[in-house]
Each structure stands twice: as C-alpha cells, then as structure tokens.
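Q: 3D, please:
(4 chains)
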Protein chains: 2
Amino acid sequence: MPPPASRPIGLTLARTARAVSRAFDARLAEAGGSLPVWLILLSLRTQALGNQRELANAVGIQGATLTHHLNAMERNGLVTRRRDPANRRVHLVELTPAGKELFGRLRETAIAHDRRLRRGLTSAEVASLEQLLDRLHVNVADDDPAVT
Amino acid sequence: MPPPASRPIGLTLARTARAVSRAFDARLAEAGGSLPVWLILLSLRTQALGNQRELANAVGIQGATLTHHLNAMERNGLVTRRRDPANRRVHLVELTPAGKELFGRLRETAIAHDRRLRRGLTSAEVASLEQLLDRLHVNVADDDPAVT
DNA sequence: TATTGTTATACTCTATAACTATA
DNA sequence: TATAGTTATAGAGTATAACAATA
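A: Numbers count the residues shown, from 1 in each chain, chains lettered A, B, ... in the order given. The predicted structure follows:
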C-alpha cells in the first residue's frame, strides 16, 4: 500500500501554524506581550486555578518554565505572588492593575488577529476547521506508540 | 458588533499545532533527526534549489540559521558543501550516503506520523482541512496591517 | 515522605549585524 | 558595489535535575 500520495497534512499544519503564530507573535510584541505571557494572563483571568501546577498545565508548559515566565512578569509588575495562608506551599498568583491592563490590550490584539484569520470564511467553515483540528489533536494525544 | 463569541480559532490552531509538532518532534528525535533537519533533507531531495538562500526560503528560515543547521549536519556527516565552479560564491549542498539514509528513515517517520494524524478522517475531510488551513495561511500572508 | 514551587543549568531554534570571499 | 555565505553574538522558550519550604 502506498504512502499518502498528497502533501502530508502534518506539513501543511506545521507551516500554517508557524506563519499564523509568527504573525500573532509580532502583534503581541507590538502590544507589549508575547505568546506565553498572553496564555498565562488568559488562564489567570478565565479559569479558577488552585496552584501553579494547574496553571502550567493550562498553558501547556512545565512548572519550572512557568516560574521562569512568572519571574519576568513579576519583575515587570504584571503579577504578584504570595503564599496561600491555608496551605503555605501554594503561591497565589494575582494580576496587578498593570497586569489587567496588559490583559485588556492583548485581548484586543487577539480578537483582531482572530478576525483577520477568519476573513472570507463562513462560521460553518470555521466550526468545521475547529472540529477537524480537535480530531487531529486527539489523534496525537492518545499516546499509543504501537501505531504502525 | 461583538467579538467572536466562540473559542478563538487561532488558539485552537496553536494548541493543536503544538501538540502535533511535539509528537512529531519526539518521533523524529527517536529516529535521529529533528524538524529543521527533516525539512532541510526534504527540500534537498525534492526540489531543485540553486543556492542556500533558496534552500533557506524553502525551509522558512534565515540564511544564517540555515548555515547553523548545515554546520551541524556537516559535522554529523549528513551533507557536504563545495564551491560551485561556475560561480564560486555559491556553495553546493549535497547529501552524503548517510544523509540519504537518514532521509529515508525520517521519511518513514513522517509517513507514520501522517498516517496517525489522519486516523478516523476521510480523505474528503483531510482535503477540506488542508484547504481551510491554506486559507488561514493566506489571511496572514498578505501583510496588510490596516486590517481593523 | 509527598507536594509545591524555585534555582541552576543547558539545549534548540531563531535572529541580526558584521565579516569574508567572489563577482 | 552587489551577492553568497559564514561567524559572532544574543535572545526567547523550553526542559531536567537538584533543592528548599511546607505539609
């Protein structure tokens, strides 16, 4: 049986994602942010997260990597960290007013980016794309290395 | 008019692409490669490229970045570089037998990865996905920053 | 002992600027 | 002067391992 004759979908996905994320990165940088910072702010604002492990998980990075970003964000006055009195191992991460302001700006950036991405696509097409992407995600998520 | 109410397609795209490319990276690493090395080998084998600038372009990186990878690949015995007698400014990049061997192995890896990605999708669905991704790509490619 | 998070360190990919060799 | 490529340097993002603090 022949290999898939057409252009591999993984290649198309990788190239599209790279182009799209570079464009988004550039916009975020103009607005004073970056992708990890945006994802961290977004997670903090839209999810109730009990600790940094959960936050790291929501963003899709390791705990130490999150610490790295939080250090920079704290240095830049975007977040504060303080011990949870109820469990002093846990650090409560909170947005400062500057952090909330940046969140607002980056949200505008993200909305504009998405509007641009959707240009010329019907909402049915976007929904279909989203659903197909989710299925790809599931296909690599179930880590069954025995797939030959 | 309200912002897109649903989950931003850019976020779904970014998360899917990250998960998929991490899975692919892991497979490539097991096979002794990496994504940039695979893209370089693929370009060398499937396109007629006149010089390194064109090669860098095909891979989607800067010339200096390409040099960086070629240095490593040459160190590892995968490619050779020699001056083009017709224009001694140009360096002809050629695969060694070891380079061709690695190409073959990585191609198998890429094919298996793609087979896995496509699981449960009809070829019409894959075609539709590919076409939608291409349209997103076009939407960010035309760099018209005046899109509000 | 287990859990939470930080520090130390390093790696990969990428880029820009300055440089060399050739035309 | 212009073009092809390299070298030098740096920065962002990520990771693992060892550690400190707390439970």
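Q: neighbours around the residue lying closest to residue A:141 once chain neighbours are set aside, how many?
A: Closest residue in space to residue A:141, ignoring its immediate chain neighbours: residue B:19 at 6.5 Å, by Cβ to Cβ, 6 or more residues apart in numbering or on different chains. Where C-beta positions appear, they are placed from N, C-alpha and C, glycine not excepted. Residues lying near residue B:19 (other Cβ atoms under 10 Å in any protein chain shown) number 18.
Q: surely residue B:19 meets residue A:139?
A: No - using Cβ atoms under 8 Å, residue B:19 is not in contact with residue A:139, being 9.6 Å away.
Q: And DNA strand D, is the strand or helix carrying residue A:88 touching that?
A: Per DSSP states H and E, residue A:88 falls inside strand A:87-95. Yes - using Cβ under 7 Å from any atom of the strand, we find that strand A:87-95 touches DNA strand D at A:87-89.
Q: can you pick the most crowded of those?
A: When neighbours are counted by other Cβ under 10 Å, residue A:87 leads these with 10 neighbours.
Q: what's near enough to touch the spatially most central residue of chain A?
A: Chain A has residue A:39 as the residue nearest its centroid, 4.2 Å off, counting by Cα atoms, centre = their mean. Counting by Cβ atoms under 8 Å, 6 or more residues apart in numbering or on different chains, residue A:39 touches A:58-60.
Q: from those residues, which single one is nearest chain B?
A: Ranked by distance to chain B (Cβ to the nearest Cβ), those are led by residue A:60 at 6.5 Å.
Q: which non-adjacent residue is nearest the closest one?
A: Nearest non-adjacent residue to residue A:60, counting by Cβ to Cβ, 6+ apart: residue B:18, 6.5 Å away.
Q: In chain A, mark out all the helices, start to finish.
A: Using DSSP state H, the helices found in chain A span residues A:9-30, A:35-46, A:52-59, A:63-75, A:97-117, A:123-141.
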